[in-house]
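A.B. asks: coordinates for the following, if possible.
(one chain, ligands or ions: 2)
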Amino acid sequence: MTVKPHVFVDRKLPEPVRAYLAEHCELDIWEEEDTVPRDELNRRLADAEGYMTSGRRIDDGLLESAPRLRAVSTVSVGYNHFDVDAMKRRGVVGTHTPEVLDETVADLVFALMLGTARRVAELDAYVRSGNWKRGDGEGLFGIDVHHATLGIIGMGRIGEAVARRAALGFGMKVQYYNRSCKAEAEQAYGAEYKAMDELLATSDFVVLMTPLTPATKGLIGAREFGLMKRSAIFVNASRGATVDEPALVNALRSGAIRAAGLDVFDKEPLPGDHPLASLPNTLLLPHIGSATAKTRDDMAMLAAKNLVAALRGEASPYLVPEFKS
Ligand SMILES: NC(=O)C1=CN([C@@H]2O[C@H](COP(=O)(O)OP(=O)(O)OC[C@H]3O[C@@H](n4cnc5c(N)ncnc54)[C@H](OP(=O)(O)O)[C@@H]3O)[C@@H](O)[C@H]2O)C=CC1
Ligand SMILES: O=CC(=O)O
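C.D. replies: Ligands and ions are numbered 1, 2, ... in the order given. The predicted model follows:
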């Protein structure tokens, strides 16, 4: 009889995912609503060979308390919470959940573009407050999304799903910046490759969709906001730290850009008294890019399968790139 590997999961699971893991592993789940406290996590990881998490930092400190750990599976595509070097030193591999969330996140990016362009949240508050007394004067105007120019920084899986909506659904002109060209996106959506400064200077909407890495930390700051059109709308659904937040606040306050739609922040949850929350030209969401029931269930099942495959030492397309070789 084969011994099942001991696995710890730090959040509740949909029933089919729980059943799948229970079939293949000795399963220990943190069922509380609150995040598992650090000392409890250390205790639960003491014997664990596998760990499934949604964003817990995996670093030397945590790995120290998990001497038997062999695989960490994150229920996210972003894996900036992995200290890859520390994991490699200890022979722990990491997996993630790309692809299953692309379309859902792209929908949310469009919600931020449309919501900021047409001032949806601001004008909803206006109606609810009883201040709507007259017809639709200029004070309620927004800007068009259709046929505008969209600049995507980070034309990867999600960036391409945004580009498809923009080009085929909204007749937008799509331009993008990556470190490498995307010939298929150029062909399929007429997307044009631009140097970053040129993209910033010529886009009506700038969407940031890169991973958070040392190279993208603070990628968009005062200089970059200064290059954008004063009428431009900035959307960030990547990670908060890709943007210099104080510089964004200044750009929004001074009118250097028109508005910002943000799903991610440097510090999450965003404190209610954060300067971004006091500006009328921001649309702020609580990191819900992939948050539909179906997509979250699909992500959880993929993460569970990734964990089992990694513990068996199977080659998997969902190992994070740094662990493939
Ligand atoms: N808000 C939310 O809820 C969600 C947020 N995300 C975030 O979105 C990110 C992207 O996901 P996904 O599309 O699957 O990732 P991909 O890896 O498919 O795409 C990322 C793109 O960014 C580009 N890129 C990477 N580094 C740089 C750089 N230094 N400068 C410019 N471009 C760069 C890459 O191209 P190249 O290598 O050629 O530069 C690639 O095309 C995730 O890592 C995550 O942080 C994801 C899901 C949900
Ligand atoms: O932010 C979410 C992710 O999947 O990455």
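A.B. asks: how about residues contacting the longest helix anywhere in the chain?
C.D. replies: If you go by DSSP state H, the chain has its longest helix at helix 293-311. With contacts defined as C-beta atoms under 8 Å, 6 or more residues apart in numbering, helix 293-311 is touched by 5, 7, 13-14, 16-17, 20-21, 24-25, 49-50, 52, 70-71, 73-76, 93, 95-97, 100-101, 104, 290, 316, 318-319. (C-beta placed from N, C-alpha, C; glycine too.)
A.B. asks: so of those, which ones are in helices?
C.D. replies: P16, V17, Y20, L21, H24, T104.
A.B. asks: separation between S325 and ligand 1?
C.D. replies: 17 Å (C-beta to the nearest ligand atom, to the nearest Å).
A.B. asks: give me the pLDDT value at that residue.
C.D. replies: We note a pLDDT of 76 for S325 in this prediction.
A.B. asks: so how many other residues sit close to it?
C.D. replies: Residues contacting S325 under the criterion other C-beta atoms under 10 Å number 5.
A.B. asks: list buried residues within the contacts of helix 293-311.
C.D. replies: When these are checked for burial by 16 or more other C-beta atoms under 10 Å, the buried set is 5, 7, 13, 17, 20-21, 24-25, 49-50, 52, 70-71, 73-76, 93, 95-97, 100-101, 104, 290, 316, 318-319.
A.B. asks: can you narrow the residues you listed down to the ones near ligand 1?
C.D. replies: With C-beta under 6 Å from any ligand atom as the criterion, those include L101, S290 near ligand 1.
A.B. asks: take the buried ones among the contacts of helix 293-311 and keep only those in strands.
C.D. replies: Per DSSP state E, strands hold the following members of the buried ones among the contacts of helix 293-311: V7, G50, M52, A71, S73, T74, V93, T95.
A.B. asks: out of those, who's nearest ligand 2?
C.D. replies: Set against ligand 2, the nearest of these by C-beta to the nearest ligand atom is T74 (8.0 Å).
A.B. asks: surely that closest one touches T53?
C.D. replies: Yes. Taking contacts as C-beta atoms under 8 Å, T74 lies within contact range of T53: 5.8 Å.
A.B. asks: nearest spatial neighbour of the residue in the stretch 101-250 of the chain that ligand 2 sits nearest to, chain-adjacent residues omitted?
C.D. replies: Taking C-beta to the nearest ligand atom, ligand 2 has its nearest neighbour within the stretch 101-250 of the chain at L101, 5.8 Å off. The shortest distance from L101 to any non-neighbouring residue, by C-beta to C-beta, 6 or more residues apart in numbering, is to S290 (4.0 Å).
A.B. asks: what angle do the longest helix of the chain and helix 15-24 make?
C.D. replies: 10 degrees (axes from the mean of the first three to the mean of the last three C-alpha atoms, to 10 degrees).
A.B. asks: list the buried ones in helix 293-311?
C.D. replies: For helix 293-311, by 16+ other C-beta under 10 Å, it's 295-311.
A.B. asks: check which helix or strand covers M87.
C.D. replies: helix 84-89 (DSSP states H and E).
A.B. asks: what helices or strands is that helix leaning on?
C.D. replies: helix 60-64, strand 93-95 (3 or more C-beta pairs under 8 Å, 6 or more residues apart in numbering; DSSP states H and E).
A.B. asks: so what touches the longest one?
C.D. replies: Spelled out, that is helix 60-64. By C-beta under 8 Å, 6+ apart, the residues outside helix 60-64 that reach it are L41, N42, L45, R56, L69, D83, A86, M87, R90, V92.
A.B. asks: so what's the fourth one up against?
C.D. replies: Each residue near R56 by C-beta under 8 Å, 6+ apart is listed here: D10, L41, L62, H81.
A.B. asks: go back to these and keep what's next to ligand 2.
C.D. replies: Within the contacts of R56, nothing lies near ligand 2 by C-beta under 6 Å from any ligand atom.
A.B. asks: pull the most distant pair out of those.
C.D. replies: L41 and H81 (13.6 Å; C-beta to C-beta).
A.B. asks: what's the local residue count around the nearest residue to E268 once chain neighbours are set aside?
C.D. replies: Nearest residue to E268 in three dimensions, chain neighbours excluded: H287, at 5.7 Å (C-beta to C-beta, 6+ apart). H287 has 17 neighbours, counted by other C-beta under 10 Å.
A.B. asks: hmm, back to that, I'd like the ones in strands among the buried ones among the contacts of helix 293-311 as TSV, with pLDDT appended.
C.D. replies: As requested, those are arranged in TSV below (pLDDT from 0 to 100):
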residue	pLDDT
V7	98
G50	98
M52	98
A71	98
S73	98
T74	98
V93	97
T95	98
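A.B. asks: helices and strands around the host helix or strand of G261, which ones?
C.D. replies: Element membership for G261 (DSSP H and E) is strand 259-262. Contact partners of strand 259-262 among helices and strands, from 3+ C-beta pairs under 8 Å, 6+ apart: helix 102-117, strand 233-236, helix 245-254, strand 282-284.
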